[in-house]
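A.B. asks: Sharing a sequence plus its predicted fold:
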Amino acid sequence: MKRILLCLTLSLSCSLAQKIPEVPLSRDHPIVVGIGTEHATILEFPSTITGLLGYGLSDGTEPGDYHYAHPKESHLLSLRNVRPGKEANVSVLLGRELVSLRLVPNKAAPPTIRFLDADASRGPKARRISAVGVKEKRLDYASDKLFNLLKLARNERVFRAYLPHLYKDAESRQAELIYDDENTATVIRQLHRFPKEDVLVLIGEIENRLDYPIQIDPASFEVRVAKRVYPVALVDAPEVVTGGASVPVHLIVKGDSEGNRANLSIKNDFRIVLSEYCRYEEPDPQLAGYIDASLFGEVGPQQPDTVVPKEGGQK
């Protein structure tokens with residue numbers, strides 16, 4: 001079995017020993033951030049930036065205290081102070097969450113600052129909850145319902161016209177979110193979200209770039225958003241992918257790893273990760289002859305008793 005590990009290294013400095021500073025996000029108080037005056041400072045957020053507001057910001061086409069750049073649908077924001085001594089207040093929208101930053105010029109600012117999700121940085125906290133509360137929070141993973149939601153996502157163009165009430169709060173978008181490990185690649189083409197059920201349906205492809213077929217374990221699929229991994233409740237994909245071929249894949253993400261609502265925004269940068277696969281070998285049908293079925297309680301068809309002829313040729 002081959003395990004695939006993806007390591008992403010973001011380094012804007014010549015020193016490999018310099019560690020990227022990590023700062024917990026706060027949604028209650030502004031975060032003071034030092035921004036470079038001679039070089040840009042890259043701010044890495046735990047989820048996609050969906051909005052940016054702030055007086056004194058400029059994309060370089062007009063005067064401003066801070067020049068910024070934000071790749072579309074990414075979680076990165078590049079800032080540089082161009083007017084020494086000028087501070088600024090900036091509001092960053094992450095999905096539906098608003099984060100306030102206080103930008104301060106700093107000649108020695110690090111080239112990259114990574115913000116961590118507030119809940120993840122504090123670690124899990126235990127709290128008391130009643131049995132009734134547990135039952136109410138637990139998500140329903142009934143397979144028949146998941147299959148029907150998968151059908152609604154796959155056939156949205158047709159079903160939405162005839163069953164509009166089933167898409168009342170549903171969201172969808174086209175995308176091209178790629179995870180590449182050189183030997184294989186996954187691409188998300190469509191995302192569909194059903195808020196009431198807290199279900200996210202991802203539709204895409206798996207590409208096998210090897211010159212031989214691979215066998216996929218459905219349990220090895222992972223859906224990632226930045227550093228977070230979300231459990232896959234249902235996988236619809238071929239078990240074997242021919243060498244040099246692409247096959248469709250459909251995944252359903254429902255809730256978090258504890259069975260609670262995840263409330264994931266459809267605008268996040270999702271990735272489908274095929275964490276394990278192996279070379280597919282055709283089974284040898286002759287091996288069946290080496291199995292003693294009687295050991296498993298199986299009894300083969302009875303052969304008729306053989307009658308030995310008597311002398312003289314009579315039976």
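C.D. replies: Okay, I see it.
A.B. asks: Domains in this protein, by residue range?
C.D. replies: 11-121, 139-279 (automatic domain parsing).
A.B. asks: Relative to the whole chain's centre, how far out is the first one?
C.D. replies: Read that as domain 11-121. Centroid displacement of domain 11-121 relative to its chain, using C-alpha atoms, centre = their mean, to the nearest Å, is 24 Å.
A.B. asks: want to try JSON lines for the domains of the chain, with mean pLDDT as columns?
C.D. replies: JSON lines is the format used below for the domains of the chain (pLDDT from 0 to 100):
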{"stretch": "domain 11-121", "mean pLDDT": "83"}
{"stretch": "domain 139-279", "mean pLDDT": "89"}
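A.B. asks: Adding mean neighbour count, write those domains out as a markdown table.
C.D. replies: Using the backbone N, CA and C atoms, a C-beta is placed for each residue, glycine as well. A markdown table is the format used below for these (neighbours: other C-beta atoms under 10 Å):
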| stretch | mean neighbour count |
| --- | --- |
| domain 11-121 | 15 |
| domain 139-279 | 16 |
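A.B. asks: Which parts of the stretch 101-250 of the chain are helices?
C.D. replies: Under the criterion DSSP state H, counting those that start in this stretch, the stretch 101-250 of the chain contains helices at 118-122, 131-137, 143-154, 156-162.
A.B. asks: now the strands: where do they sit in the stretch 51-200 of the chain?
C.D. replies: Counting by DSSP state E, counting those that start in this stretch, the stretch 51-200 of the chain has strands at residues 57-58, 66-69, 76-81, 88-94, 97-105, 112-116, 171-180, 184-194, 199-208.
A.B. asks: What distance do you get for Glu182 to Ser257?
C.D. replies: For Glu182, the distance to Ser257 (C-beta to C-beta, to the nearest Å) stands at 28 Å.
A.B. asks: Could you point out which of the strands of the stretch 51-200 of the chain sits nearest Tyr230?
C.D. replies: Across the strands of the stretch 51-200 of the chain, Tyr230 has its closest neighbour in strand 199-208 (8.3 Å, C-beta to C-beta).
A.B. asks: which helices and strands does the closest one pack with?
C.D. replies: On a contact count with 3 or more C-beta pairs under 8 Å, 6 or more residues apart in numbering; DSSP states H and E, strand 199-208 meets helix 143-154, strand 184-194, strand 246-254, strand 270-274.
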